[in-house]
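Asker: fold the stuff below for me.
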Amino acid sequence: MKSCFRILVLATTLLSWCLTGHAQTYPNRPIRVIIPYAPAGGADIIGRLVLDKVSKDTGYNFIVENRVGAGGNIAFAAIAAGQPDGYTLVIATPGLATNPTLYNKLPFSPADFTAITVIGESPLVFMINPAMPVASMAEFIAFARKSAQPLRFGSAGNGTSSHLAGEVFKSMAGIELQHIPYRGGVAAITDVVGGRIEMTTQPVAESMPFIVDNRVRALGQSAQTRSKLVASVPTIDEAGVKGYSVSTWYILAGPPGMPREIVDTLYRAFDKSISSPAFKTSLEDRGFVVIGSNPDASRKFLDSEYLRWKKIIQDAGIHLD
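Answerer: Numbering: from 1, shown residues only. Here you go, the predicted structure:
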């Protein structure tokens, strides 16, 4: 009996030592980070900026993979089914919280992800081709109501923030718009510039080059307060669609069941990098608002966003197959 007890104690000690040793040596190989959207989009821009900063500060080796398709669902499903060892992560946008309501029978829900930190958020900008005979959001709404055919609005893809921002806008403004999904926000903006669609709404970071060059006309921005990058552009609420407020956010997450020691290691590394004053300012200068919430707060945020958007989507009757 004593012999069995000693063996049990030894096994428990070895298991504890292995788990502690794993946490202490993490990471000891490259970490793959999936970005569910196309290069040059908001998630790609902030993701690569932050990963580069963390890599320089810590020596961690990140391998970035843009896995595009199905409104982010291909990437999200891969993460939800992944190993919880901390070597496969995702930088997700609101699609992680909205897609389970938008689509039928997805193999994941927000509860299937380990939330590590909400990196930040960004307002979206409503843009049209400068040749359109409207100069304000009120004029755009009036123009849309008089149009014989629904005006076309492009998004970064089904279920993305730019898609839902447009759907909520048309519902609250009482107008008809035809949704045209693209494989990335830049492609949608490019078609606005070319006059192939009338409007798009995209994160300010990827919109700025087109706004600065006057290739598009910015009519409104989606958040409750104005971004300093487009301070002269009113919010949608200020422009007359009262109560409108939508922004896109970026969360670092992993597969379910990640050890808390690894989660905390990642959170500390990312928080230290993004909260450094110079880097924080550089992100703000690109249109990103740094958040950097801890894992517990990030879990609550993701769950609350799921519930908030579930009600919005169901009330608006938005559904994707």
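
Asker: burial check on residue 281, number of neighbours?
Answerer: 11 (other Cβ atoms under 10 Å). No exception for glycine: its C-beta is placed from N, CA and C like everyone else's.

Asker: what of residue 314?
Answerer: Residue 314: 11 neighbours (other Cβ under 10 Å).

Asker: that's a helix at it, yeah?
Answerer: Yes - looking at residue 314 with DSSP: H, G, I helix; E, B strand; the rest coil, it is inside a helix.

Asker: that one contacts residue 101, correct?
Answerer: Yes - the pair residue 314 / residue 101 is scored as a contact, 6.9 Å apart, by Cβ atoms under 8 Å.

Asker: what sits in contact with each of these two?
Answerer: Residues touching both residue 314 and residue 101 (Cβ atoms under 8 Å, 6 or more residues apart in numbering): none.

Asker: where in the protein is pLDDT low?
Answerer: Flagging of the chain using pLDDT under 70 yields the residue ranges 1-24, 321.

Asker: okay, strands next: where are they in it?
Answerer: 31-35, 62-66, 88-92, 114-128, 151-155, 177-181, 199-203, 217-221, 247-254, 289-290 (DSSP state E).

Asker: tell me what the fifth one is packed against?
Answerer: Here strand 151-155 is seen to pack against helix 161-173, strand 177-181, helix 185-193, strand 199-203 when contacts are counted using 3 or more Cβ pairs under 8 Å, 6 or more residues apart in numbering; DSSP states H and E.

Asker: what are the buried residues along that strand?
Answerer: 151, 152, 153, 154, 155 (16 or more other Cβ atoms under 10 Å).

Asker: and of those, the nearest to residue 63?
Answerer: Nearest to residue 63, judged by Cβ to Cβ, of those is residue 155 at 28.1 Å.

Asker: now the closest one. Nearest residue, chain neighbours left out?
Answerer: Once flanking residues are discounted, residue 155 sits nearest to residue 163: 3.7 Å by Cβ to Cβ, 6 or more residues apart in numbering.

Asker: just to revisit the earlier point, as JSON lines, the buried residues of strand 151-155 with distance to residue 130 would be great.
Answerer: Below are the buried residues of strand 151-155 laid out as JSON lines (distance: Cβ to Cβ, whole Å):
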{"residue": "151", "distance to residue 130": "15"}
{"residue": "152", "distance to residue 130": "16"}
{"residue": "153", "distance to residue 130": "16"}
{"residue": "154", "distance to residue 130": "16"}
{"residue": "155", "distance to residue 130": "20"}
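
Asker: quick check: of those, which lies closest to residue 33?
Answerer: Among these, and counting by Cβ to Cβ, the member closest to residue 33 is residue 155, at 23.7 Å.

Asker: wait, the closest one sits on residue 169?
Answerer: No - at 11.4 Å, residue 155 does not count as touching residue 169 under the criterion of Cβ under 8 Å.

Asker: hey, what's in contact with both of the two?
Answerer: residue 201.

Asker: before we move on, the earlier item: just so I know, which of the strands of the chain lies nearest residue 76?
Answerer: Residue 76 lies closest to strand 88-92 among the strands of the chain, at 7.0 Å (Cβ to Cβ).

Asker: C-alpha coordinates for the closest one, CSV please?
Answerer: Extracted in CSV, the C-alpha atoms of strand 88-92 (Å, rounded to 0.1, in the frame of the first residue of the first chain):
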residue,chain,number,x,y,z
THR,A,88,-2.1,28.3,-33.1
LEU,A,89,-4.0,31.6,-32.4
VAL,A,90,-6.3,33.9,-34.3
ILE,A,91,-6.8,37.7,-34.5
ALA,A,92,-10.6,37.8,-34.8
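
Asker: just name the most buried of the helices and strands packed on strand 151-155.
Answerer: For these, average neighbour numbers computed from mean count of other Cβ atoms under 10 Å are highest in strand 199-203, which has a mean of 30.

Asker: that one pairs with which strands, parallel or anti?
Answerer: strand 114-128 (antiparallel), strand 151-155 (parallel) (DSSP bridges).

Asker: distance of the closest residue to residue 264 other than its chain neighbours from residue 113?
Answerer: Computed as Cβ to Cβ, 6+ apart, the closest residue to residue 264 that is not its neighbour in sequence is residue 295, at 7.0 Å. Residue 295 sits 11 Å away from residue 113, going by Cβ to Cβ, to the nearest Å.

Asker: rewinding a little: wait, doesn't the residue nearest to residue 155 sit right on residue 179?
Answerer: Yes - using Cβ under 8 Å, residue 163 is in contact with residue 179, at 6.5 Å.

Asker: between these two, which contacts overlap?
Answerer: In contact with both residue 163 and residue 179: residue 155, using Cβ under 8 Å, 6+ apart.

Asker: pretty sure residue 120 is touching residue 292, no?
Answerer: Yes - applying Cβ under 8 Å as the test, residue 120 and residue 292 come out as touching, 7.5 Å apart.
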